[in-house]
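Visitor: Pasted the sequence and its predicted model underneath.
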Amino acid sequence: MAQVTIYLPDEIAKGVRRAARKARKSVAAFLSDLAVRSVKPPRWPASFRGLYGSWEEDFPRVADPPPDRIDAL
């Protein structure tokens with residue numbers, strides 16, 4: 001794994017440390033997760049993308065009967 005050195009303004013570094021602590025991660029792990037999400041965002045599987053826009057009808061109406069009566073114990 002590559003190592004990277006970055007320089008941050010003091011106030012930003014303080015905020016990063018606070019956010020990492022809140023996430024219960026080290027600063028390195030916190031920044032690594034941010035970098036991974038921004039460079040390689042999660043993708044929907046191809047099977048899901050194929051479904052997008054494929055529904056051409058209205059959703060069916062489902063009967064919603066009242067709940068069964070529950071007698072007191």
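Guide: Structure received.
Visitor: Name the residue closest to the centre of the chain, please.
Guide: Central residue of the chain (Cα atoms, centre = their mean): Pro42, 8.9 Å from the mean position.
Visitor: next one: phi and psi at Arg21?
Guide: For Arg21, the backbone dihedrals (degrees, to the nearest 10) come out as phi -60, psi -40.
Visitor: For it, grab the count of nearby residues.
Guide: 12 (other Cβ atoms under 10 Å). (Glycine included, C-beta is placed from N, CA and C.)
Visitor: chain center to the helix or strand where Ala28 lies, what's the gap?
Guide: Using DSSP states H and E, Ala28 maps to helix 27-39. In this view, helix 27-39 has its centroid 14 Å away from the chain centroid, taken as Cα atoms, centre = their mean, to the nearest Å.
Visitor: For that helix, name the packing helices and strands.
Guide: In terms of contacts (3 or more Cβ pairs under 8 Å, 6 or more residues apart in numbering; DSSP states H and E), helix 27-39 is packed against helix 10-22.
Visitor: Pull out the buried residues from whatever helix or strand Arg49 lives in.
Guide: Secondary structure assignment for Arg49, by DSSP H and E: helix 46-51. Across helix 46-51, burial judged by 16 or more other Cβ atoms under 10 Å covers no residue at all.
Visitor: What is that helix packed up against?
Guide: If you count contacts as 3+ Cβ pairs under 8 Å, 6+ apart, helix 46-51 packs onto no helix or strand.
Visitor: pLDDT on it, on average?
Guide: Mean pLDDT, computed over helix 46-51, is 76.
Visitor: Fine by me, thanks again.
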